[in-house]
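A.B. asks: Give the three-dimensional model of this entry:
(one chain, ligands or ions: 3)
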Amino acid sequence: MADQYTPQKSDKFTFGLWTVGNIGRDPFGDPVRPPLDPVRSVHKLAELGAWGVNFHDNDLVPFDATPQERDRIVRDFKRALDEAGLVMPMATTNLFTHPIFKDGAFTSSDAAVRAFALQKTMRAIDLGAELGATTYVFWGGREGTETEAYRDARDAIKYFREALNFLCAYVKDQGYGLRFALEPKPNEPRGDLYLATVGHALHFITTLDDPEMVGVNPEFAHETMAGLNFVHGVAQAMEANKLFHIDLNDQQPGRYDQDFRFASENPKRAFFLVKLLEDAGYDGPRHYDAKAYRTEDEDGVWAFARGCMRSYLILKEKARRFNQDAEIQGLLAELRQRDESYDGPRAAGGYSRDGAEALKGRAFDVPSLAGRGRRYEELDQLVMDLLLGAR
Ligand code: GCO
Ligand code: MN
Ligand code: MN
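C.D. replies: Residues are numbered from 1 along each chain as shown. Ligands and ions are numbered 1, 2, ... in the order given. This is a model prediction of the structure:
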């Protein structure tokens, strides 16, 4: 039944082929669902209101496909995209499934493996560009360690940098209009991964030959696994103009890599995320990197995909109501008025010797400043009322 939370293409929802196509294999159990034909996923996602799909090279073209097989698969897939009216805004490389990548790809200690990873990535970039991708994601799946006994982590970072500099140059040389987005993750599948958080990645980008070309693709589950606040990670990326893409899902801290349906575990944090994205006018894809519970059959997969988009749209509506709610806005205005009532020297105007002297000499009513409550209990309960449907 269509209602106001039925997704439209203009909502820019995208799914990875590997997400709806997840067959439910885990370290303890065999697949529970048969593989989904990518062409079927495209048609089904279009029917549900998604805007696009993304893939790893090998989600579409098997690792050992011949050039003829590759061309046939890509032709059929392109036709499906056209028929369904879906776009393919992001592409990426599988640098983690094949045993050759067991000790990493770009950061492998073996120079031949590093070179092979570059070759595979250039071919995958060609494929992505052919299908119209504008963002290319780098998730360092196996870029990490279980032991520090051999590879010096400083060398790993250097290898990573060499690879990205090489690939940025490749993309420019080919004239592809692609930007790169690094996806941090703290652990899984390796014991520890390099570029573990958004913060690590943001700094690393500043050390590249062409930092303008590279941003981040933060994932809800990844910062949450590390016990971090995902909203803060996204905000810092945005503030640095580096939010090139985003992976939405859900996760409980301290658990295995869950990739749950968006907002299913932490709806309040998801609300603040959606509010941040919408208030800031983020106009990139709302990409789901999540999977249906292993208990599900194919119908369950589509219920999962619908749920991801529906929850986003419900939270978007809640954010709109937050911004229009007279009581909430009244409280915010009162707080802001008080916060801005200080009239005197401060950091905002920048440093001057006179300003510094004036500030050093200024008398503050410390007990009164320290004593006044912030009213966040009231404010947060208004948010809870809103989220729980009581206002
Ligand atoms: C994970 C990652 C991946 C990447 C994907 C795109 O935890 O497995 O999130 O799903 O997002 O490889 O690069
Ligand atoms: Mn993930
Ligand atoms: Mn991801």
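A.B. asks: how about the helices in the stretch 251-391 of the chain?
C.D. replies: Here the stretch 251-391 of the chain has its helices, by DSSP state H, counting those that start in this stretch, at 267-279, 298-324, 326-339, 353-361, 366-371, 376-387.
A.B. asks: got it, and the stretch 1-150 of the chain?
C.D. replies: 17-20, 38-48, 57-60, 67-84, 111-130.
A.B. asks: Which stretch among these is buried most, on average?
C.D. replies: Highest mean neighbour count of these: helix 17-20, a mean of 24 (counted as mean count of other CB atoms under 10 Å). All C-beta spots, glycine's among them, are computed from the backbone N, C-alpha and C.
A.B. asks: Can I get that one in PDB? Just the C-alpha atoms.
C.D. replies: Output in PDB follows, covering the C-alpha atoms of helix 17-20 (Å, rounded to 0.1, in the frame of the first residue of the first chain):
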ATOM      1  CA  LEU A  17      24.100  -5.900  -5.400                       C
ATOM      2  CA  TRP A  18      25.800  -7.700  -2.600                       C
ATOM      3  CA  THR A  19      23.300  -6.500   0.000                       C
ATOM      4  CA  VAL A  20      20.000  -7.800  -1.400                       C
END
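A.B. asks: Report how many residues lie close to Gly330.
C.D. replies: 10 (other CB atoms under 10 Å).
A.B. asks: what's near enough to touch Ala226?
C.D. replies: Counting by CB atoms under 8 Å, 6 or more residues apart in numbering, Ala226 touches Pro186, Ala196, Thr197.
A.B. asks: Most neighbours among those residues, which one?
C.D. replies: When neighbours are counted by other CB under 10 Å, Ala196 leads the contacts of Ala226 with 20 neighbours.
A.B. asks: could you measure the closest residue in space to that one that isn't next to it in sequence against ligand 1, distance?
C.D. replies: In this structure, Ala196 finds its nearest non-sequential neighbour in Pro186, 4.3 Å apart by CB to CB, 6 or more residues apart in numbering. Separation of Pro186 from ligand 1 (CB to the nearest ligand atom, to the nearest Å) stands at 10 Å.
A.B. asks: what helix or strand is Pro186 on?
C.D. replies: Here Pro186 is covered by no helix or strand, with elements defined by DSSP states H and E.
A.B. asks: Which residue ranges of the stretch 51-200 of the chain form strands?
C.D. replies: Per DSSP state E, counting those that start in this stretch, the stretch 51-200 of the chain carries strands over the ranges 52-56, 90-92, 135-139, 144-145, 179-183, 192-193.
A.B. asks: Dump the helices of the stretch 1-150 of the chain into JSON lines; add mean pLDDT and distance to ligand 3 as well.
C.D. replies: As requested, the helices of the stretch 1-150 of the chain are exported to JSON lines (pLDDT from 0 to 100; distance: least, CB to the ion, whole Å):
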{"stretch": "helix 17-20", "mean pLDDT": "98", "distance to ligand 3": "9"}
{"stretch": "helix 38-48", "mean pLDDT": "98", "distance to ligand 3": "17"}
{"stretch": "helix 57-60", "mean pLDDT": "97", "distance to ligand 3": "13"}
{"stretch": "helix 67-84", "mean pLDDT": "97", "distance to ligand 3": "21"}
{"stretch": "helix 111-130", "mean pLDDT": "98", "distance to ligand 3": "16"}
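A.B. asks: between these, which gets nearest to ligand 1?
C.D. replies: Evaluated with CB to the nearest ligand atom, those place helix 17-20 nearest to ligand 1, the distance being 6.6 Å.
A.B. asks: neighbouring contacts of that closest one?
C.D. replies: Residues outside helix 17-20 that contact it (CB under 8 Å, 6+ apart): 36, 38, 41, 44-45, 53-56, 59-60, 259, 288-292, 301-302, 304-305.
A.B. asks: about what we covered before: mind putting the helices of the stretch 251-391 of the chain in TSV, mean pLDDT and distance to Phe230 included?
C.D. replies: Below are these laid out as TSV (pLDDT from 0 to 100; distance: least, CB to CB, whole Å):
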stretch	mean pLDDT	distance to Phe230
helix 267-279	99	6
helix 298-324	98	14
helix 326-339	98	23
helix 353-361	97	36
helix 366-371	97	31
helix 376-387	98	17
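A.B. asks: how is this protein carved up into domains?
C.D. replies: Here the domain parsing of the chain from automatic domain parsing is 9-324, 326-387.
A.B. asks: ok, the contacts of Ala226 vs ligand 3, which is closest?
C.D. replies: Nearest to ligand 3 among these, counting by CB to the ion, is Pro186 at 12.6 Å.
A.B. asks: Gly227: which element?
C.D. replies: Applying DSSP H and E, one finds Gly227 in no helix or strand.
A.B. asks: What does the pLDDT read for it?
C.D. replies: Here the pLDDT value assigned to Gly227 is 97.
A.B. asks: Nearest residue to it in space, please, no chain neighbours.
C.D. replies: Among residues not flanking Gly227 along the chain, Pro253 sits closest, at 5.1 Å (CB to CB, 6+ apart).
A.B. asks: surely the residue nearest to Ala196 meets Thr224?
C.D. replies: No - counting by CB atoms under 8 Å, Pro186 does not reach Thr224; the two are 9.9 Å apart.
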